[in-house]
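Asker: Here you go, sequence then predicted model.
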Amino acid sequence: MALEKTLVLLKPCTLQRALVGEITNIFERKGLRICGMKMMQLTDEILSEHYAHLSEKPFFQRVKDAMMTAPVIALCLEGVDAIAAVRALAGPTNGRNAAPGTIRGSYCMSFQENIVHASDSPETAEVELKRFFRPEEIFDWKQTTFPRLYANDEF
Ligand code: ADP
């Protein structure tokens, strides 16, 4: 168990569908601490870096183009084992296969237009948080509900 920070992007489809508040609320209700939050217009350059692992895929440019059709909301979320917890909450990539109750399972029908991006490992989270946030944009405020969210041997 470790206290972790992870990166979430609310994708352009989420802004277009007016789901920003609803999806952010899911993370807040879960107990994750919002350490950073900002709106950004992404560029082909940052997306080529962010999605480098897809560069050989036929849909690479299409995925990047979709991520530039409107701004995104970048979130830095913190919690115990937050990286895996947020990935589980997001559900698998293809919304059609995602279990009901997950974000993708509840809010989308698409492989591509799948509401959120979430970091998939501690190594990725570290790199991705640096990609989207400057150090002064991450706030280490004290979450007073912390002792109600976890037992004292969980952190
Ligand atoms: P995830 O976002 O679940 O970590 P990947 O890193 O594999 O998934 O892919 C990044 C994004 O690229 C996905 O969230 C999705 O928007 C898009 N994508 C991935 N695979 C496909 C696919 N086969 N068809 C369409 N879009 C895809």
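Answerer: Looks like it arrived, so ask away.
Asker: How many residues are close by the residue lying closest to Thr102 once chain neighbours are set aside?
Answerer: Take Thr102 and drop its neighbours on the chain: the residue closest to it by C-beta to C-beta, 6 or more residues apart in numbering is Gly91, 3.0 Å away. C-betas here are computed from N, CA, C, even on glycine. For Gly91, the count of nearby residues is 24 (other C-beta atoms under 10 Å).
Asker: ok, now which ones touch Gly91?
Answerer: Taking C-beta atoms under 8 Å, 6 or more residues apart in numbering as the contact definition, Gly91 lies against 98-99, 102-105.
Asker: one more time with 6 Å
Answerer: 98, 102, 104-105 (C-beta atoms under 6 Å, 6 or more residues apart in numbering).
Asker: quick check, distance from stretch 116-129 to the centre of its chain.
Answerer: 8 Å (C-alpha atoms, centre = their mean, to the nearest Å).
Asker: Repeat that for stretch 131-144.
Answerer: Distance of stretch 131-144 from its chain centroid, counting by C-alpha atoms, centre = their mean, is 15 Å.
Asker: Run through the strands of the chain in chain order.
Answerer: Per DSSP state E, the chain carries strands over the ranges 3-10, 33-40, 72-80, 116-118.
Asker: What mean pLDDT does the first one get?
Answerer: Read it as strand 3-10. Averaging pLDDT along strand 3-10 gives 98.
Asker: Listing partners with orientation, what would you give for it?
Answerer: strand 72-80 (antiparallel), strand 116-118 (antiparallel) (DSSP bridges).
Asker: Turn the ones you listed into a markdown table, including distance to Asp140.
Answerer: Listed next are those as a markdown table, based on distance: least, C-beta to C-beta, whole Å:
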| stretch | distance to Asp140 |
| --- | --- |
| strand 72-80 | 9 |
| strand 116-118 | 21 |
